[in-house]
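Novice: Could you work out the structure for the sequence below:
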Amino acid sequence: MSTTPNTTFAVGAQLPGEILARIPNLPVKPAPVELAGPQVRLLALEPQRDAPGLYAMSNGEPLRLNGRAIEAYDAEKLIWRYLRYGPFDDIAGCEAYLVELCSGVDIRPMTLIDQASSQPIGTLSFMANSPANLKIEIGHIWISPVMQGSGVIYEAVYLMLRHCFELGYRRLEWKTDSLNERSRRTALNVGFRYEGTQEYHMVTRGRNRNTAWFRMLDHEWPHVRTHLEKRLGI
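Specialist: Reported below is the predicted structural model:
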């Protein structure tokens, strides 16, 4: 039996051998990779290399990049409010967090780099990796306020989706604080589908968090890919 990305399976259906054969080829910790598009590159994060640039782009100080500008801003409000970490007092604090993030057994953090300036502008991660179930999550996402609204998030997520589906994953997940309207909107605009909200999912910064779940399946990817490539002009 030959399967294509458009193949769907009923609940309880036996999966063909060619799909099951993908499982042992995927490591629990996603392998380092470099992904490149017209506007951005994604590199496997290296804390010592990347902490200075990432801190500079996220500490609330005025920023200028590629003709875009933002004056002094509230970093907690624009970046960190719905994340479990940040803002950081200094480069050392940022680097310590990145070291901890990279230590996870099922996560591969990626540094988002602006192609024109080679400046790090944020992070995204391949995470909650479950090769046995051919699923993985895209998360730990933040973009410097100077580049928010520029559309780079769509290119970055497109590159990550394409990489994962080419590796043979069947399901990509996106989870966010249910109060994070910007993240929810981005997930839907990319092409993820809302599955529901898990209540009392986490205690974050001493607060109750409900988590909204989104997903994309392999048979949905061809349509999403066409839409994104048209949007991005790729």
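Novice: pLDDT below threshold where in this protein?
Specialist: Along the chain, segments meeting pLDDT under 70 span 1-6.
Novice: which stretches of it form helices?
Specialist: For the chain, the helices defined by DSSP state H cover 17-20, 47-56, 75, 91-102, 152-167, 181-190, 221-232.
Novice: List the buried residues in the second one.
Specialist: Read that as helix 47-56. Pro47, Asp50, Ala51, Gly53, Leu54, Tyr55 (16 or more other CB atoms under 10 Å). (C-beta placed from N, C-alpha, C; glycine too.)
Novice: just the fifth one next, same as before
Specialist: Residues of helix 152-167 classed as buried by neighbour count (16+ other CB under 10 Å): 152-165, 167.
Novice: next one: the last one
Specialist: Burial within helix 221-232, assessed by neighbour count using 16+ other CB under 10 Å, is assigned to Trp221, Val224, Arg225, Leu228.
Novice: got a markdown table for the residues you listed, with distance to Ser125 too?
Specialist: Formatted as a markdown table, the buried residues of helix 221-232 follow (distance: CB to CB, whole Å):
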| residue | distance to Ser125 |
| --- | --- |
| Trp221 | 20 |
| Val224 | 20 |
| Arg225 | 21 |
| Leu228 | 20 |
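Novice: Which single one of those is nearest to Leu42?
Specialist: Leu228 (15.2 Å; CB to CB).
Novice: ok, the closest one - contacts?
Specialist: Tyr154, Tyr158, Leu161, Val190, Gly191, Ile234 (CB atoms under 8 Å, 6 or more residues apart in numbering).
Novice: Put together TSV for the residues you listed, with distance to Pro16 on each row.
Specialist: TSV is the format used below for the contacts of Leu228 (distance: CB to CB, whole Å):
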residue	distance to Pro16
Tyr154	33
Tyr158	28
Leu161	23
Val190	29
Gly191	26
Ile234	31
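Novice: from those residues, which is closest to Thr211?
Specialist: For the contacts of Leu228, the nearest to Thr211 is Val190 (17.7 Å; CB to CB).
Novice: List the residues that contact that closest one.
Specialist: Applying CB under 8 Å, 6+ apart, we find Val190 in contact with Tyr154, Val157, Tyr158, Leu161, Trp174, Val224, Leu228.
Novice: These into JSON lines, with extra columns for distance to Glu71?
Specialist: Shown next, in JSON lines, are these (distance: CB to CB, whole Å):
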{"residue": "Tyr154", "distance to Glu71": "26"}
{"residue": "Val157", "distance to Glu71": "28"}
{"residue": "Tyr158", "distance to Glu71": "30"}
{"residue": "Leu161", "distance to Glu71": "34"}
{"residue": "Trp174", "distance to Glu71": "31"}
{"residue": "Val224", "distance to Glu71": "36"}
{"residue": "Leu228", "distance to Glu71": "32"}
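Novice: what are the phi and psi angles of the nearest residue to Phe9 once chain neighbours are set aside?
Specialist: Leaving out its chain neighbours, the residue that sits closest to Phe9 by CB to CB, 6 or more residues apart in numbering is Leu15, at 6.5 Å. The phi/psi pair for Leu15 (degrees, to the nearest 10) reads phi -80, psi 140.
Novice: same deal with Gly151?
Specialist: Main-chain torsions, Gly151, degrees, to the nearest 10: phi 90, psi 0.
Novice: how about it, what does it touch?
Specialist: Going by CB under 8 Å, 6+ apart, Gly151 touches Gln39, Leu232.
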